[in-house]
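Colleague: sequence and predicted structure, then a few things I'm wondering about:
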Amino acid sequence: MTPPFARRGRLPALPAVAHGAFNKRQAFHPAPALVGQPSRLPVGQPSRLASIPPRREPASTGCASRLGRSQPFLMVSRVRARVSISRILERALTVAALAATLAPAQSPAPRGNVVEAGAAVDGQSDCTAVFQKLLDEAGKAGGGVVGVPAGRYRINSHLSIPANVTLQGIYRVPPTAGAQTVAGHDGSVLLAYAGRGSTDGPPFIRLAGNNAALAGLVVAYPEWRQSDVPPIPYPPCVSSQDTENVGIRDCCLLNPYEGIRLVRAHRHLVRNVTGYPIKRGLLVDECYDIGHVENIHFWPFGVTYQPDNAYCQWINTQAVAFEFARTDWQYVHNTFCFGYGIGYKFSKSSQGSANGNFLGLGADSCQRAVVVDQAQPPGLLISNGEFVGRWGSTNSVCLEIGPAVEGTVSLVNCSFWGPIDRCVWMRAAAGQFTASACHFVDWDNGAAGSPALQLDAGKAIVQACSFNRSKLHVAVGSNVLSAILAANQAEGGFRVKNLAGKRLQAALNEQESVDWTEAARRHYQVQVGTRGDARYLENWHDPENAGRPFRWSRPVSRLLLPVVPGEPFTLTLETVVPPHALSSAAGLYLGGNQLAPLTSAPVLTAELPPSPGDILELELRCQGWVPKQTTPGSNDPRTLGIQVSRITMRARASGTNTFNANTGEWMKR
């Protein structure tokens, strides 16, 4: 009888002889051994079932008679039960024998040890030949692991890892360095010397065949110096081309000029890699079958980091941490970079651009956290990103979507904070941008009036997002084809500058919390430095509190003040004016004309002429000064103007009550 699983095509049918047989004593005779497999029971030896003595039946109580059964019937039932159990055991043994026949022989992968083969661990003697000999031998054997015990190994040339071979150091976690330089590293450390001075030439380590892998190692360049600016170029540290299933795992690429380059390296796996590559951390191009990049941390390991250090500034303005060109279904999870010109770059090579799933991206202190030059129609799906502008800058943009982009860029649950000018700059006429459930904490840190989201062209959807500042939230340009803004919440009410007319659709957004009645416009105060003041100010420093809330102005700061059209007003500013801020041109201006000069007095008063509109824009000008240049002991690098703590506006025909422009409530007398 053919087993059922064989009839379904899962396993080949067994010959009938393999099923065993029963004799009159119900002894199980195991099937003859399958090819190459000895029988588990000697032929002819009875099974354990045969040694079980017949069960003695108790004296009849009459129950069998009452049930209409006889003693012979019970004996037949017991025999049948034994036969059924024996058949079950027979088939189980048969399946086990078949599985053992089909299972491949298990043998440990060939291993080599570079120290046992003669490699020196002192970091002085060239170990290239020893390493490469073991790698080649493992490759010829069909694969294996070349072990690298703890030590420092000088490699004067290059290494090539064949197919199915792993070069394995001691680390099983991603090693990190802190501020340690090359000399401070323990563990399995490869010291790279070849290629200094040019990006041309072979990589330091080539993953040369399918399933080649690098694991558990630190790679450092001993001739690197932080004082070399611009940095000295080298070929890539690790590269693979025209391969499948290569891997890089649990490694620290401390200070390579270029970290990892993967071209036509399909189904690559890069996991648990740290370091501070100089010009570029990772490049993926022409990957047509789902690569994986996971848990990468590019941070200033081995570097004395200062934002104004020449070396750090070079990386912070010129370098790229992650670059993805043509790659299909790319998966990038839980990656981070710090201090790069561009954190994540989506470029277009000769073969095209990228699509994929990008989860948990992090970019801190980057001039551009994400730059999209091009994207495939399926788009870039970016979730749970955290983006911060470059420290000390006033022109950082976290996401820039270039003019040529034709695909979709979709953000979900991303957050933006720190020194940012604009969180998103959408410039693609044929592209699509979407932001859902994102959090925009900071922007316009240069106080230039920049919006959180600048939409210049294309199509955009912004929904269910939160904005933490009472500034301009979205600017919709005249070339935008369609913009849908819905269900967004914002400090002080959701503010939009619309130049697209009816092509903008907005609904269910948080409204302005201040109800500006005509009586409120005639007499109100703004408490500067207190929540709710930002809607009336442009180009001011952030709020401060030194016994009372206030803000510092800049050399040119603006006031946007509600008025009643056609009525004159009196403006009063309560100020602190440092001597450094005074000049002949300092004062309050309207349309380029000075309304009142700035003096050292604590109050500045100006008479404002009637305005045709309901918002009057004024400029406060003064001489800019830098505290750390003028005040002993100060390290404040900002360019300041004057302190302003309160603004009062009053029309001639106003009442006695005063409206609080911060809260939208009338002040108690």
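Modeller: Structure received.

Colleague: tell me the contacts of the closest residue to Asn113 other than its chain neighbours?
Modeller: For Asn113, ignoring the flanking residues on the chain, the nearest one in space by Cβ to Cβ, 6 or more residues apart in numbering is Gly147 at 4.8 Å. In this view, the C-beta of every residue, glycine as well, is placed from N, C-alpha and C. Gly147 makes contacts with 111-114, 168, as judged by Cβ atoms under 8 Å, 6 or more residues apart in numbering.

Colleague: of all those residues, which comes closest to Tyr344?
Modeller: Of all the contacts of Gly147, Gln168 has the smallest distance to Tyr344: 29.9 Å, by Cβ to Cβ.

Colleague: confirm for me that the closest one is in contact with Pro149.
Modeller: No - applying Cβ atoms under 8 Å, one finds Gln168 not in contact with Pro149, separated by 10.1 Å.

Colleague: among these two, which residue is more densely surrounded?
Modeller: Here Gln168 and Pro149 are set side by side on neighbour count (other Cβ atoms under 10 Å), and the busier one is Gln168, at 22 against 15.

Colleague: got the contact list for the more buried one?
Modeller: If you count contacts by Cβ under 8 Å, 6+ apart, Gln168 has them with 145-148, 215-217.

Colleague: how does it look with 10 Å?
Modeller: With contact set as Cβ atoms under 10 Å, 6 or more residues apart in numbering, Gln168 has these partners: 111-112, 144-148, 188, 213-217, 249-250.

Colleague: do the same with Asn468
Modeller: 415-417, 439-443, 452, 489-491.

Colleague: strands of the stretch 251-400 of the chain, start to end?
Modeller: 258-266, 269-275, 280-285, 292-298, 320-324, 327-338, 342-346, 354-366, 368-372, 380-383, 386-389, 397-401 (DSSP state E, counting those that start in this stretch).

Colleague: okay, Pro307: pLDDT?
Modeller: Model confidence at Pro307, given as pLDDT, is 88.

Colleague: re the thing from before, so for Gln168 and Pro149, which residues contact both of them?
Modeller: Both Gln168 and Pro149 are contacted by Ser188, under the criterion Cβ under 10 Å, 6+ apart.

Colleague: just the pLDDT at the closest residue to Tyr340 other than its chain neighbours, thanks.
Modeller: Excluding the flanking residues, the one nearest Tyr340 by Cβ to Cβ, 6+ apart is Ala321, at 4.4 Å. With respect to pLDDT, Ala321 has a value of 98.

Colleague: what's the spacing between Ala321 and Tyr234?
Modeller: 17 Å (Cβ to Cβ, to the nearest Å).

Colleague: with Ser654 instead?
Modeller: Computed as Cβ to Cβ, the Ser654 to Tyr234 distance reads 72 Å.

Colleague: more neighbours: which of those two?
Modeller: Per other Cβ under 10 Å, whichever of Ser654 and Tyr234 has more neighbours is Tyr234, with 26 against 20.

Colleague: my guess is the residue nearest to Tyr340 contacts Gln367, does it?
Modeller: No - with contact defined as Cβ atoms under 10 Å, Ala321 does not reach Gln367; the gap is 11.5 Å.

Colleague: and for those two, which residues touch both?
Modeller: 339-343.

Colleague: between those residues, which is nearest Ala448?
Modeller: Nearest member of the shared contacts of Ala321 and Gln367 to Ala448, counting by Cβ to Cβ, is Gly341, at 21.1 Å.

Colleague: torsion angles phi and psi at the closest one?
Modeller: phi -60, psi -40 (degrees, to the nearest 10).

Colleague: burial measure for it, as a count.
Modeller: Neighbour tally, Gly341, other Cβ under 10 Å: 20.

Colleague: pull up the per-residue confidence for it.
Modeller: So, for Gly341, pLDDT stands at 98.

Colleague: what does Ala546 give?
Modeller: So, for Ala546, pLDDT stands at 86.

Colleague: so where's the stretch 301-450 of the chain uncertain?
Modeller: Of all residues in the stretch 301-450 of the chain, none has pLDDT under 70.

Colleague: repeat that for 80
Modeller: Within the stretch 301-450 of the chain, the stretches with pLDDT under 80 are 447.

Colleague: partner residues bridging the residue lying closest to Leu282 once chain neighbours are set aside?
Modeller: Nearest non-adjacent residue to Leu282, counting by Cβ to Cβ, 6+ apart: Ile260, 4.7 Å away. Ile260 has these beta-bridge partners by DSSP bridges: Val238, Leu282.

Colleague: show me the domain layout of this protein.
Modeller: Listed by automatic domain parsing, the domain ranges of the chain are 4-53+76-100, 111-303, 305-513, 518-666.

Colleague: okay, now the unreliable bits of the stretch 551-669 of the chain?
Modeller: Along the stretch 551-669 of the chain, the parts satisfying pLDDT under 80 run over 669.

Colleague: and the helices in it?
Modeller: Along the stretch 551-669 of the chain, counting by DSSP state H, counting those that start in this stretch, helices occupy 627-630.

Colleague: wait, Gly281 touches Gly341, no?
Modeller: No - between Gly281 and Gly341 there is no contact under Cβ under 10 Å: 11.7 Å.

Colleague: any shared contact partners between the two?
Modeller: Common neighbours of Gly281 and Gly341, using Cβ under 10 Å, 6+ apart, are 319-321.

Colleague: closest to Asn479 among these?
Modeller: Nearest to Asn479 among the shared contacts of Gly281 and Gly341 is Val320, at 28.6 Å by Cβ to Cβ.

Colleague: and the closest one, how far from Phe433?
Modeller: When Val320 is compared with Phe433 (using Cβ to Cβ), they lie 22 Å apart.

Colleague: and the contacts of Asn468, which of them are in strands?
Modeller: By the criterion of DSSP state E, membership of those in strands covers 415-417, 439-440, 489-490.

Colleague: and Val320, what does it touch?
Modeller: Counted by Cβ under 10 Å, 6+ apart, Val320 has contacts 258, 277, 279-283, 337, 340-345, 347, 366, 368, 371.
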